[in-house]
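Enquirer: Quick one: sequence plus predicted model below, questions after.
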Amino acid sequence: MRKLLLTLLLGALCLSACARANGEESTAPAADTTPVAVTDTDPATEPSAPTPVVLPSTGTRINVRYELSDPDGATLDGKTEQSVLYGVTATSNVTLAVKEGYRFLGWSDGSGDLIRGGDCPTADTVYTAIIEYDTLGLPVISITTQTLRDVTSRTEYIDGTIEITGCAKRYALDEMAMEIRGRGNSSWNMEKKSYRLRLSRKQNLLGLGKDAEQSWVLLANHADQSLLRNHITMEFARKLADIAFMPASQSVDLYLNGEYRGVYLLCEQIEVDSDRVNISENPESLQTGYLIEMTHYAEDPKFTVGGILYEIKNDLSTSETLRTEQTVYIRSLIQRCYTAVQRGDEALVRALIDVESVVDTYIVEELFKNKDDGWDSFYMYYDAGKEREVLHFGPIWDFDLTGGNTDSGGELYEGLWAGVSECITDNFWYIQLMEQEWFRNLVKERWNELKSEIDKIPSSIIAEADAHTAAYERNFEKWPIFGHWINQQPPAIMALTSYTEHYRYYAVWMQNRIAWLDGVFNDPAFLQHGAAALDR
């Protein structure tokens, strides 16, 4: 008898709790004795009586399920599918854990609890935890690969889809098919990887390009803890008319197979195309365009001039014989240019090289003090068959190890860099030309023309970082690398302990660099005697 009474008591308590949870009382309400006012309202317009709530019988089995609106963004610990007996039992607890880069908006019934249980609905019910990207002002790129494979190869593309949200509606993208592979040389060995994308159809991602294209790049910028050096440099270079093409870029939050991967720089790919490097594409002819990269990582088709390795980056003939002839053809052209620069003959150099593009690219390389300018990612192009066949310099690329973010003298805002022989990354072209007074005067004139834009660089660093500090800071919650050596960081960089310190260091360094170069390029002694004047 005692056991029966205890069971009845527990059932009554659970029924009372369930009723309260559903907004009802467990006992009938007291009669309402408030006087009712008599009105002349037409009975037809009077509100109808509420539909009575029909409660299930005590002990009725109710099915309850807990689920996520986005399974990539959170996990549920506990039984996600349960059955309860109405008025007798309630659900056991489930615990919601939100993943990095996502946020919890609440349950579908309005609850905001991360741990919930004790539910006893009146009918079969699904409770959904609403999860979304924790957008912090940057567009969100979400990439999902087939079978959720990780990207582990720089040569093998794997299939997947790309989605873009958190941006203006006209730039949003809903699960377009694409392919993805890794990219980079030394950076590929870093923990945070960079990627190359090939879309299934042309698309102007985030409106960055002149037109829709298929090839795009996601730069990790893992060795640059300001996350800004590539973007700031390329945006400045895009303002220089004599660099015919410069990739546009935009910082984004990247999710790969549902995992937040940090802040990346979305960029246009350097390639031959009418909206990018606009040169001829006649792969079965010598009279075609040639996009060339000076790089110590050169692969075939490649050639050497003056002990320097070059790789042809665009498609050549499928015929091995013609492909060899094309390689010899462009090598001979580079050799003629090399010899002209060695001689320092202005008329001969101008006959073979677009000098204005050399001046503009030199100013960018020198201004940001790029350690890689003679090592890798140094581009040129030549368009055979045009009315004026000359070698052009540009586009520029790969500026993470700049702006004081490299050792061996690169951390000092003083000192010429690209135009003098200093280290193993010497750039023959700039060093030889900066020995010529006529070229130094061209640099001075162009520097002074650009000075108003150059002076804006430090403030542009601060503006971009301030606008998206929260997003950039979260990158370093994912990748806690402050104070860690990643690639050639000097002691001054290693000593910085916060994102704010990193971008302010970069801005101050650039301000000091600009002031120092302005004095040098406008120094009559330097213009007359070159770098030797700086040692006096």
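Expert: Okay, I see it. Numbering: from 1, shown residues only.
Enquirer: how about low-confidence regions in the stretch 301-450 of the chain?
Expert: Across the stretch 301-450 of the chain, the ranges flagged by pLDDT under 70 are 422-425.
Enquirer: all strands of it, in order?
Expert: Using DSSP state E, counting those that start in this stretch, the strands of the stretch 301-450 of the chain run over 302-305, 308-312, 378-383, 391-396.
Enquirer: quick one: the second one to chain centroid distance?
Expert: Centroid separation for strand 308-312 versus its chain: 28 Å, with Cα atoms, centre = their mean, to the nearest Å.
Enquirer: Tell me where the model's unsure across the stretch 151-300 of the chain.
Expert: Counting by pLDDT under 70, the stretch 151-300 of the chain contains no low-confidence segment.
Enquirer: Please repeat the previous calculation with a cut-off of 90.
Expert: For the stretch 151-300 of the chain, applying pLDDT under 90 flags the ranges 184-187, 189.
Enquirer: quick one, helices of it?
Expert: Taking DSSP state H, counting those that start in this stretch as the criterion, the stretch 151-300 of the chain contains helices spanning 229-237.
Enquirer: All the strands of it, in order from the start?
Expert: Along the stretch 151-300 of the chain, counting by DSSP E, counting those that start in this stretch, strands occupy 158-165, 173-183, 194-203, 213-219, 249-256, 259-268, 289-294.
Enquirer: Surely residue 416 touches residue 531?
Expert: Yes - assessed by Cβ atoms under 8 Å, residue 416 is found in contact with residue 531 at 5.6 Å. All C-beta spots, glycine's among them, are computed from the backbone N, C-alpha and C.
Enquirer: Can you check which residues contact both of those two?
Expert: Each of residue 434 lies in contact with both residue 416 and residue 531 under the rule Cβ atoms under 8 Å, 6 or more residues apart in numbering.
Enquirer: higher neighbour count, the two?
Expert: residue 416 (20 against 17; other Cβ atoms under 10 Å).
Enquirer: nearest residue to residue 440 other than its sequence neighbours?
Expert: Distance criterion Cβ to Cβ, 6 or more residues apart in numbering; nearest residue to residue 440, sequence neighbours excluded, is residue 527 at 5.3 Å.
Enquirer: what does residue 225 give?
Expert: Distances taken as Cβ to Cβ, 6+ apart put residue 502 closest to residue 225, at 4.6 Å, once the chain neighbours are dropped.
Enquirer: got the contact list for that neighbour?
Expert: Counting by Cβ under 8 Å, 6+ apart, residue 502 makes contact with 225-226, 482, 493, 496.
Enquirer: Heading C-terminal from the strand or helix carrying it, find the next helix or strand.
Expert: Per DSSP states H and E: residue 502 is located in helix 499-521. Following helix 499-521 in sequence order, the next helix or strand is helix 524-529 (DSSP H and E).
Enquirer: Kindly provide the whole-number mean pLDDT of that following helix.
Expert: For helix 524-529, the mean per-residue pLDDT is 96.
Enquirer: quick one: contacts of that helix?
Expert: Taking Cβ under 8 Å, 6+ apart as the rule, helix 524-529 contacts 437, 440-441, 444, 520-521, 533-534, 536.
Enquirer: how many neighbours does the residue nearest to residue 440 have?
Expert: For residue 527, the count of nearby residues is 16 (other Cβ under 10 Å).
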